[in-house]
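Asks: Structure of the sequence below:
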Amino acid sequence: MVQQTFLGFWETLQKPIIGLSPMDGVTDSACRYILAKHAKPDVMFTEFATVEGLFRAPEKILKDFEYHEIERPIVAQIYGHTPENFYRVAQVVCELGFDGVDINMGCPAKSVVQCNAGGKLITSPNLALEIIQAVRQGIEDWVQQGRLEENQFPRTLLEILRKMNKKRCGVESPAIKQRIPYSVKTRIGYDSVVIEKWVGTLLKESPAAISIHGRTLKQMYRGKADWDAIARGAKIIKETETLVFGNGDISSAEQAEKLVENNGLDGALIGRSAIGNPWIFSKTKNMETRIDRQCRIETALEHAHYFGEMRGTDHFNSLNKHLMAYLKNFPDAAKIRVQVLGAKNFEDLICRLQDQL
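Replies: Numbering: from 1, shown residues only. Have a look, this model is predicted:
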């Protein structure tokens, strides 16, 4: 039976839709918060979270689902290989008030692929469909039940969810049990390009959107993104109500809009070019080229402050990729970057950044 496509919030976005691509270790809440404040993308995704790990270590994994209301529309991305866990985590995503849930079927990381998750699902179409079905059923059951069934979830997890909701919006559980759309992010193939056949499989479950990264899994992030392959997949998807997005090697909003137009897409997702460059999503043409040294340092400082509040000192070094990206392309950038990398803790880092203003 063919499912009816439910677009939810996607239907309210003006095309072309230019969003922030989910990136593990990058698109945490601090990153998204800074983007939302300075030049908000049309849609943002969380880092991907493991559906299996959520029940083993909820305190750790649920940190990936922290967000602020300013980030909306915000989509939670999840990955794994067990349909039963996808079913339960889809309900967790609903309970946390996300605008949508996205299934990662494109990650090329060895640890993920070895678990038959991420991009490996391209080689397991039946399992991929079971996972989408489980997510859809989880959403439907959450809406019908009106609450999480306590016998299906650890008490610790439920307590954390209530605290997260209370902190973010003042209530422990969403007042309205609203159905949310499900989507898929994937690649053009595993070790060869099979995008036409693969999207045909995914469309059997009528996701709201399919985002296509223009490389095979075997390519990892090497070589150039194949936008011709993305266009071929898009042509098939556009025969349905499902939206289609392209991703890979986009360096500006202007380029993203041209790629959308030239390849018959509904939108595009910008990934690595957004690191340390929130202005890339500005509706003002070439906005990021107008940002001066002081603004970059001030924004890096703001990012560091917020990151420290959200993540604490344990994850101090993971901020470096953002800082190094902010602090480039001006005359004394190299000197400042060396100084910043020498920081021992957040207090030291912030002092060093403030000294450069």
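Asks: what's the burial count for Met164?
Replies: If you count neighbours by other C-beta atoms under 10 Å, Met164 ends up with 19. (Glycine included, C-beta is placed from N, CA and C.)
Asks: For the stretch 201-350 of the chain, give me the ranges with low pLDDT.
Replies: For the stretch 201-350 of the chain, the stretches with pLDDT under 70 are 286, 288-289, 314.
Asks: cutoff 80 now
Replies: 283-290, 311-316 (pLDDT under 80).
Asks: would you list every one of the helices in it?
Replies: Secondary structure of the stretch 201-350 of the chain (DSSP state H, counting those that start in this stretch): helices located at 227-237, 253-262, 293-311, 320-326, 333-341, 346-354.
Asks: Dihedrals phi and psi, the residue lying closest to Asp141 once chain neighbours are set aside?
Replies: Distances taken as C-beta to C-beta, 6 or more residues apart in numbering put Gln91 closest to Asp141, at 6.8 Å, once the chain neighbours are dropped. Note on Gln91: backbone dihedrals following degrees, to the nearest 10 are phi -70, psi -40.
Asks: got it, and Gly271?
Replies: Residue torsions, per degrees, to the nearest 10, at Gly271 are phi -110, psi -100.
Asks: doesn't Gly246 make contact with it?
Replies: No. With contact defined as C-beta atoms under 8 Å, Gly271 and Gly246 do not form a contacting pair (11.3 Å).
Asks: thinking again about what came up before, how close does the residue nearest to Asp141 get to Leu54?
Replies: 11 Å (C-beta to C-beta, to the nearest Å).
Asks: Gly271 and Gly246: which is more packed in?
Replies: Gly246 (28 against 18).
Asks: nearest spatial neighbour of that one, skipping sequence neighbours?
Replies: Nearest residue to Gly246, sequence neighbours excluded (C-beta to C-beta, 6+ apart): Ile230, at 4.5 Å.
Asks: Show me where the stretch 101-250 of the chain has its strands.
Replies: With DSSP state E, counting those that start in this stretch as the criterion, the stretch 101-250 of the chain has strands at 182-189, 209-216, 243-247.
Asks: Adding distance to Ile103, write these out as CSV.
Replies: Below are the strands of the stretch 101-250 of the chain laid out as CSV (distance: least, C-beta to C-beta, whole Å):
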stretch, distance to Ile103
strand 182-189, 5
strand 209-216, 10
strand 243-247, 14
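Asks: so who does Val51 touch?
Replies: 78-80, 82, 85-86, 88-89 (C-beta atoms under 8 Å, 6 or more residues apart in numbering).
Asks: 6 Å - rerun?
Replies: 78, 80, 85-86, 89 (C-beta atoms under 6 Å, 6 or more residues apart in numbering).
Asks: Show me the shaky parts of the stretch 1-150 of the chain.
Replies: The stretch 1-150 of the chain contains residues with pLDDT under 80 at 1-3, 146-147, 149-150.
Asks: how about a cut-off of 90?
Replies: Low-confidence regions of the stretch 1-150 of the chain, defined by pLDDT under 90, span residues 1-3, 55-56, 59-61, 145-150.
Asks: re earlier: so which of the contacts of Val51 are in helices?
Replies: 85-86, 89 (DSSP state H).
Asks: ok, so of those residues, who is nearest Ile236?
Replies: Phe86 (24.7 Å; C-beta to C-beta).
Asks: Distance check, the spatially closest residue to that closest one that is not a sequence neighbour against Leu203.
Replies: Excluding the flanking residues, the one nearest Phe86 by C-beta to C-beta, 6+ apart is Ala134, at 4.4 Å. As judged by C-beta to C-beta, Ala134 and Leu203 stand 17 Å apart.
Asks: on that earlier part again, highest neighbour count among the contacts of Val51?
Replies: With neighbours taken as other C-beta under 10 Å, the top of these is Val89, carrying 28 neighbours.
Asks: Just give the nearest non-adjacent residue to Gln137, would you?
Replies: Tyr87 (6.0 Å).
Asks: Assess the claim that that neighbour and Gly138 are in contact.
Replies: Yes. The criterion here is C-beta atoms under 6 Å, and Tyr87 meets it with Gly138 at 4.2 Å.
Asks: And these two? Which one has more around it.
Replies: Counting neighbours by other C-beta under 10 Å for Tyr87 and for Gly138 shows that Gly138 has the greater number, 24 against 21.
Asks: and the residue nearest to the more buried one when sequence neighbours are not counted, what is it in contact with?
Replies: Using C-beta to C-beta, 6+ apart and skipping residues adjacent in sequence, the residue nearest Gly138 is Ala90, 3.1 Å away. Neighbouring residues of Ala90 by C-beta under 6 Å, 6+ apart: 101, 135, 138-139.
Asks: likewise Ile70?
Replies: By C-beta under 6 Å, 6+ apart, the residues touching Ile70 are Ala36.
Asks: Roughly how far does it sit from Leu62?
Replies: 20 Å.
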